[in-house]
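Visitor: Build me a model from this:
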Amino acid sequence: MANRNYDAKVGAAQDAPPPETRASDDDDSDAQSIGHQRMLLPRAALLIAVPALSVALFVSFIDQTGVSTAVPGVSAALATGAATPWIGASFLIASTAFQLVNGRLSDIFGRKNCLLLCLGLVALGDLLAGFAQTKEQLFAFRAVAGVGGGAVNSIVMIIVSDVTTLENRGKYQAM
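Guide: Have a look, this model is predicted:
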């Protein structure tokens, strides 16, 4: 009797495909979904979504680099002295530090919600930095904008990856 059960189990195991080739509809793991994306957009929708995402990415890039033109005037007005490089560095450090968690947060709360929240953080951080009275406030508000800016960079690339095919992804990310 024991041999019969053993043989039945072995036979069943031999008939079943290896675990890495079995795919279930409810499995969302990356290994199972590569090449079988679930959120592809039609071409007409892509022609609207990709330029809108590009504008969001452009805003983030301008925020990262555009402040350099205002640094001489801002550093003189706030007497930043030797701390002047922190105007740009506070943004970039915060941006880099928070890029790692943004992908997971967008999985939990949704891509659109996170993108809109992060664009709001960029706007709020920049607005507050514009009204900063001390160099410490300026550095802190630039860091707030950096958190949002880093997230915008990550989430835009994630969204483009979600809505395009693997074959066309490079073309749309290059736009």
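Visitor: Give the next helix or strand downstream of the helix or strand that contains residue 48.
Guide: Assigned by DSSP states H and E, residue 48 belongs to helix 43-66. Using DSSP H and E, the helix or strand that follows helix 43-66 in sequence is helix 71-78.
Visitor: From the contact counts, what lies against that next one?
Guide: Applying 3 or more C-beta pairs under 8 Å, 6 or more residues apart in numbering; DSSP states H and E, one finds that helix 71-78 contacts helix 86-109, helix 135-163. Just so you know, the C-beta spots here come from the backbone N, C-alpha and C atoms, and that holds for glycine as well.
Visitor: and the angle for the last one with helix 43-66?
Guide: Relative orientation of helix 135-163 with respect to helix 43-66: 160 degrees, computed using axes from the mean of the first three to the mean of the last three C-alpha atoms, to 10 degrees.
Visitor: Show me which positions of helix 135-163 end up buried.
Guide: For helix 135-163, the neighbour count (16 or more other C-beta atoms under 10 Å) marks 135, 138-156, 158-160, 163 as buried.
Visitor: Tell me which of the helices and strands packed on helix 71-78 sits nearest to residue 75.
Guide: Across those, residue 75 has its closest neighbour in helix 86-109 (7.1 Å, C-beta to C-beta).
Visitor: Helix 135-163 and that closest one, what's the angle between them?
Guide: Using the same axes, to 10 degrees: helix 86-109 against helix 135-163 is 40 degrees.
Visitor: could I get helix 86-109 in PDB with only the CA atoms?
Guide: Output of helix 86-109 as PDB, limited to C-alpha atoms (Å, rounded to 0.1, in the frame of the first residue of the first chain):
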ATOM      1  CA  TRP A  86      23.700  72.700   0.300                       C
ATOM      2  CA  ILE A  87      21.100  74.500  -1.700                       C
ATOM      3  CA  GLY A  88      21.400  71.900  -4.500                       C
ATOM      4  CA  ALA A  89      22.800  69.100  -2.400                       C
ATOM      5  CA  SER A  90      19.800  69.000   0.000                       C
ATOM      6  CA  PHE A  91      17.500  68.400  -3.000                       C
ATOM      7  CA  LEU A  92      19.700  65.700  -4.500                       C
ATOM      8  CA  ILE A  93      20.300  63.900  -1.300                       C
ATOM      9  CA  ALA A  94      16.600  63.700  -0.400                       C
ATOM     10  CA  SER A  95      15.800  62.800  -4.000                       C
ATOM     11  CA  THR A  96      18.300  59.900  -4.000                       C
ATOM     12  CA  ALA A  97      17.400  58.700  -0.500                       C
ATOM     13  CA  PHE A  98      13.600  58.400  -1.200                       C
ATOM     14  CA  GLN A  99      13.800  56.900  -4.700                       C
ATOM     15  CA  LEU A 100      14.200  53.400  -3.200                       C
ATOM     16  CA  VAL A 101      10.900  53.400  -1.400                       C
ATOM     17  CA  ASN A 102       8.800  55.100  -4.000                       C
ATOM     18  CA  GLY A 103       8.300  52.000  -6.100                       C
ATOM     19  CA  ARG A 104       6.900  50.100  -3.200                       C
ATOM     20  CA  LEU A 105       4.700  53.000  -2.100                       C
ATOM     21  CA  SER A 106       3.300  53.200  -5.600                       C
ATOM     22  CA  ASP A 107       2.500  49.500  -5.400                       C
ATOM     23  CA  ILE A 108       0.600  50.000  -2.200                       C
ATOM     24  CA  PHE A 109      -1.200  53.400  -2.800                       C
END
